[in-house]
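Chemist: I would like to see how this sequence folds:
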Amino acid sequence: MKRTAAWLAVHALEQLGIRFTFGIPGVHNTELYDELDRSGRIDPVLVTHEGGAAFMADGLSRASDETIGVLAIVPAAGFTHAASGIGEAFLDGIPMLVVSGGVRSDTPHRFKLHEIDQLALAKPLTKAAFRVARHADVVPTLFEAYRVATSGLPGPVLVELPVDLQLFSGDAGELPQWVATAAPSGPGPDDVRRAADLLLAAKRVGLFVGWGARKATDELAAIAEFLQAPVATTLQGLASFPGDHPLHAGFGFSPSAVPAARNAFRDCDAMLAVGARFAEIPTGSFGAVVPDALVHVDIDPAVFDANYPSRVNIAGDARAVMAALLAELRARGAPRPADAALREGIARDKRTWRDAWLAHDSKGRVNPARFFDELRRQMPDDAVTVLDDGNHTFLTAELFEIRRGGRLLTPTDFNAMGYAVPAAIGAKLAQPDREVFAIVGDGCFMMTCMEIVTAAARGLGVVYFVFHDGELSQIAQAQQMPYNRKSCSVLGALNLEGVALATGAAIVDMPGEDRIAAAIAEARDVARQGRPVIVDVGIDYSKPTAFTTGTARSTFRRFPLSQRLRFAGRALLRKLGG
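Modeler: Alright, predicted model coming up:
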């Protein structure tokens, strides 16, 4: 059988159940796009920038239970433009296929257009990278790339298809059929027994839950109730445990966490960490104190003992391990009696924290707690929340309750600004029947706001709540304390009404608190009609989050004494000098 590599690639993607590709056609992949256009199963999405394409693919992968995001890009510039989104997926463990064109492999010429070693570029950003040399290798290579991308710790994989293979037919041999990989095996019984021994011997167990545990919510809730254990989540794992559960304490448990989490975890003498790798953000710049009696469960064994030593570690799928652990705990005896004091303490601390925010004088601007209270009141529990990187991220983590059925998408360890606008588009394509909204700072919004053109062209009703204060607020706050000045963190004027006009979005104004409820309702109503909406939120950032103040302290305390004195002295002199 003779086929072009373009035909073979689309055939393979169709077998894999791919529904969308994201990218921009160019001279090295026009044949691929022609075949995608003929496909009755795959919808190629034209974007305004390959960086947006990668974030869309990431958002689709995170929001979907059935398919993963795929890039269809040109080599060289297409890859480097997309690199931030590819890197985000790599560090966050998000499956993605990067299908790139390649320079001609059948000519001896040098200095060809887009000629660069993409496999070398991809090495630190992907799980694997393949360059196809024969037509017969196209389908098997894409199948293998998909297996690598979706197995173990998921991540992006690059497949480069030289343009001559796409243009010209070649012998494809007998086409293989896709066979799905078998489900991962369960954990070893000895490991589960050891974990149960350690947890049952403790007086107070704390659960720390990350993104990797998102499919084990029911099992985790049952374990928390069995052990009467408070639960904290990572930033990426905010939707892995219901925020309205009485044992949910908050985001993180370090000195950078809200009081409910700090207090609930203060006396923990054992911990069960699931799908969480104790990275810098959720540990408050490694300020968290983790009990010696740690049971660590993760799909990636490389995370064990990296930052905090564990007594028991189990490498495996979170849902399978939690199901086995729950069965073992139940086989040992009755659950612990309800800890009324723990539950009441968490509830009281949450009320006190929120009351402090509500009492804060926002001086006519939008108080974050009032905004999130109303957003929670109006939004359905199963809505998809998309965040970017900035002060708004931690306000959401501390003030917005993600309930059972809800999803949350946010960049974490790679921490790429500009994520939310395109990622929300990918999420809406994956979940067309759910409400999808993004909360994004104005600095992040400016990076990728033109991708709203893509949402408008496809009739996607995504709501973008733009926290508009004119600064890169997370960094501006971090600068103010040690430097008493803001260096390059004050933005130029941004006319959101003009952005809406340029992109085809509707604009809704929320300058102060009297417009919160009406603006949210209006935005949702317009979005239901299939039109993207920009909500201009005059947010008040004058009150810092627990994360900001706590992490600043934790970071400062880790400095050598001489450097702490230098920083403190400089800050004092600048404050006295005005």
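
Chemist: next helix or strand past the helix-or-strand element of the chain with minimal mean pLDDT?
Modeler: Taking mean pLDDT, DSSP states H and E as the measure, the helix or strand of the chain with the lowest value is helix 473-483, at a mean of 67. The first helix or strand that comes after helix 473-483 along the chain, using DSSP states H and E, is helix 496-503.

Chemist: name every strand pairing with the helix or strand following that following helix and say which way it goes.
Modeler: Using DSSP H and E, the helix or strand that follows helix 496-503 in sequence is strand 506-510. Using DSSP bridges, strand 506-510 pairs in its sheet with strand 533-537 (parallel).

Chemist: so how far is Ser39 from the most centrally placed residue in the chain?
Modeler: In the chain, the residue lying closest to the centroid (Cα atoms, centre = their mean) is Thr410, at 3.1 Å. Distance of Thr410 to Ser39, given as Cβ to Cβ, to the nearest Å: 32 Å. Bear in mind the C-beta positions are built from the backbone N, C-alpha and C, glycine included.

Chemist: try Asp164
Modeler: For Asp164 relative to Ser39 (Cβ to Cβ), the value is 22 Å.

Chemist: need the contact list for Val98.
Modeler: In this structure, Val98 makes contact with Val70, Leu71, Ile73, Phe79, Ala82, Ile86, Ala122, Thr126, Pro156, Val157, Leu158, Val159, judged by Cβ atoms under 8 Å, 6 or more residues apart in numbering.

Chemist: and Thr126, how far from Arg134?
Modeler: Distance check for Thr126 against Arg134: by Cβ to Cβ, it reads 22 Å.

Chemist: and the pLDDT at the residue nearest to the centre of the chain?
Modeler: pLDDT recorded at Thr410 is 97.

Chemist: next one: Leu576
Modeler: At Leu576, the model reports a pLDDT of 69.

Chemist: could you do Gly186 as well?
Modeler: Per-residue confidence at Gly186 stands at 82 (pLDDT).

Chemist: sec struct for the residue nearest to it when sequence neighbours are not counted, please.
Modeler: Leaving out its chain neighbours, the residue that sits closest to Gly186 by Cβ to Cβ, 6 or more residues apart in numbering is Ala320, at 4.8 Å. Per DSSP: H, G, I helix; E, B strand; the rest coil, the secondary structure class of Ala320 is helix.

Chemist: Val192 is in contact with Ala320, correct?
Modeler: No. In terms of Cβ atoms under 8 Å, Ala320 does not count as a neighbour of Val192; the distance is 10.4 Å.

Chemist: those two: who's more crowded?
Modeler: Set Ala320 next to Val192 and count neighbours by other Cβ atoms under 10 Å: Val192 wins out with 23 against 19.

Chemist: go ahead and confirm the more buried one touches Ile314.
Modeler: Yes. Val192 lies in contact with Ile314 (Cβ under 8 Å); the separation is 7.4 Å.

Chemist: residues shared between the contacts of these two?
Modeler: Each of Val321 lies in contact with both Val192 and Ile314 under the rule Cβ under 8 Å, 6+ apart.

Chemist: list the contacts of the spatially closest residue to Met446 that is not a sequence neighbour.
Modeler: Sequence neighbours aside, Leu494 is the residue nearest to Met446 in space, at 6.4 Å (criterion: Cβ to Cβ, 6+ apart). Neighbour list for Leu494: Asp442, Phe445, Met446, His468, Gly470 [criterion: Cβ under 8 Å, 6+ apart].

Chemist: going by distance to Ile520, which of those wins?
Modeler: For these, the residue nearest Ile520 by Cβ to Cβ is His468; the value is 15.4 Å.
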